[in-house]
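Peer 1: what shape does this take:
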Amino acid sequence: MDEPQIDRPATRDLGRAIAAKSHDDLADDTVDAVLTLTDTVQDVLESGATSTAADGLLAFWAGHVGAKLGIEEADLDETPTAEHFDRAFQADALGVDLYQALSKVAAARTDDADFDLEAWTERLLELTNRHVAHLESHQESG
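Peer 2: You can find the predicted model right below:
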């Protein structure tokens, strides 16, 4: 059986789209796309393809914080590094919990750091799901 895939460029673009607008102004299909992404990541994790799930979440958040920091898409690394998320944290574009999870997952993917990739990817998915719930609350109140 082939390992499941997540389209990282499209996922990065989705993260950029979310960050580029006020949450109140997001189209329903954009929020639905993030819901689909998190469902896909969950399925990929359950299939045992932890690296693929991690890369998908990293791509989403790299696009998101890249847009917040004004980084052009062409200047984003294919695989975001912990330093990318450190820069975002220093600029107050990430909260501490999200920053910690992104840094651990990015380090585990790029530096062969001794972190439990599966546990940190699950934590990152949990935090991403919280962000999605926040986006949905804007849709319901809008």
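Peer 1: distance from stretch 130-142 to the middle of the chain?
Peer 2: Taking CA atoms, centre = their mean, to the nearest Å, one finds stretch 130-142 lying 17 Å from the centre of the chain it belongs to.
Peer 1: then that stretch to CSV, C-alphas only?
Peer 2: Output of stretch 130-142 as CSV, limited to C-alpha atoms (Å, rounded to 0.1, in the frame of the first residue of the first chain):
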residue,chain,number,x,y,z
ARG,A,130,-8.0,24.3,18.5
HIS,A,131,-7.2,26.9,15.9
VAL,A,132,-9.8,25.4,13.5
ALA,A,133,-12.4,25.5,16.2
HIS,A,134,-11.6,29.2,16.7
LEU,A,135,-12.0,29.8,13.0
GLU,A,136,-15.3,27.9,13.1
SER,A,137,-16.5,30.1,16.0
HIS,A,138,-15.9,33.1,13.8
GLN,A,139,-18.0,31.6,11.0
GLU,A,140,-20.9,30.9,13.5
SER,A,141,-20.9,34.4,14.9
GLY,A,142,-20.5,36.1,11.5
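Peer 1: tell me which element the closest residue to residue 67 other than its chain neighbours falls in.
Peer 2: In space, and not counting its chain neighbours, residue 67 is closest to residue 19: 3.8 Å by CB to CB, 6 or more residues apart in numbering. Heads up, the C-betas are built off the backbone N, CA and C, glycines and all. Following DSSP states H and E, the helix or strand that holds residue 19 is helix 8-20.
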